[in-house]
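Enquirer: Sequence first, predicted coordinates after that:
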Amino acid sequence: MFKSYKTEINPTPDQIKVIENYFKICTVAYNRYVSYNLDRIKAGRKLIMPSTYLKMIQTGEIKELGSEFFIKRAYNSAVKKTLENGLKVLTAYADGKRGEPKLKAMGTKNISLYFHASSIGKQYIDCQRHRINIPFFGWIRIKEKGYIPTEYNKYIISGWIKKCAGRYYVSALVKEAFKPIVVKEYGPGIGIDLNVSNFATLSDGTVFDNINKSKNMVH
């Protein structure tokens, strides 16, 4: 069973610089990938997949887009996920389901950084009550301590870093052990009849008097 948890993080000034740099890298990568494939669509050619595009950058096959050294050195999972998002809108455009994709402005709020445990050769991402160890960003403090579960049988496998109104958030996808629903066994039920003369009469014959009709005060 998988469950997503979102909470605010409190990165250091140095970590903020790294995060913001990756936001810029992903924005530029998205725009260049979309522009490259838009030209191919208009020329009647097939879309280039994100993995192929990144490989073409690594080999130097793509040169007309300018210097790509920052994408070569970037955290691959974050860039690749951004390109996959670009592929979705390009595919919809090529199929006539939406208009021509627009490029993202630098600093746009809908750019997020994807991370995955497998990208650093791990099965799960380390997380403690007050901090989370995000791949290629290191330990980042969590503002709401204890919100992301860290107890036994709960593991973080992936997530996103996002920015909103100048604040930074992490969405963590947690794999939780399935908890079977325990059905409690109950005895036979009792019917209750509310009436005027008495307060209530139960189906087993028990009668509760109406205290409003009694002269004695019941303690």
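Expert: Structure's in. What do you need? Numbering: from 1, shown residues only.
Enquirer: Which elements pack onto the lengthiest helix in the chain?
Expert: Scanning the chain for the helix with the most residues, using DSSP state H, yields helix 13-42. Counting contacts by 3 or more CB pairs under 8 Å, 6 or more residues apart in numbering; DSSP states H and E, helix 13-42 packs against helix 50-59, helix 69-72, helix 76-94, strand 113-116, strand 154-164. Quick note: C-beta positions are derived from backbone N, CA and C, even for glycine.
Enquirer: Tell me which residues of the fourth one come out buried.
Expert: For strand 113-116, a neighbour-count test (16 or more other CB atoms under 10 Å) marks 113, 114, 115, 116 as buried.
Enquirer: Wait, the second one touches residue 83, no?
Expert: It refers to residue 114. No - the pair residue 114 and residue 83 does not pass the contact test of CB atoms under 8 Å, sitting 10.7 Å apart.
Enquirer: and stretch 36-50, how far out from the chain's middle?
Expert: Relative to the centre of its chain, stretch 36-50 is centred 30 Å away, using CA atoms, centre = their mean, to the nearest Å.
Enquirer: Quick one: mean pLDDT for it?
Expert: In this model, stretch 36-50 has a mean pLDDT of 92.
Enquirer: I'd like the helices and strands packed on helix 13-42 written out as JSON lines, with distance to residue 16 added.
Expert: What follows is the helices and strands packed on helix 13-42, written out as JSON lines (distance: least, CB to CB, whole Å):
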{"stretch": "helix 50-59", "distance to residue 16": "26"}
{"stretch": "helix 69-72", "distance to residue 16": "18"}
{"stretch": "helix 76-94", "distance to residue 16": "16"}
{"stretch": "strand 113-116", "distance to residue 16": "12"}
{"stretch": "strand 154-164", "distance to residue 16": "10"}
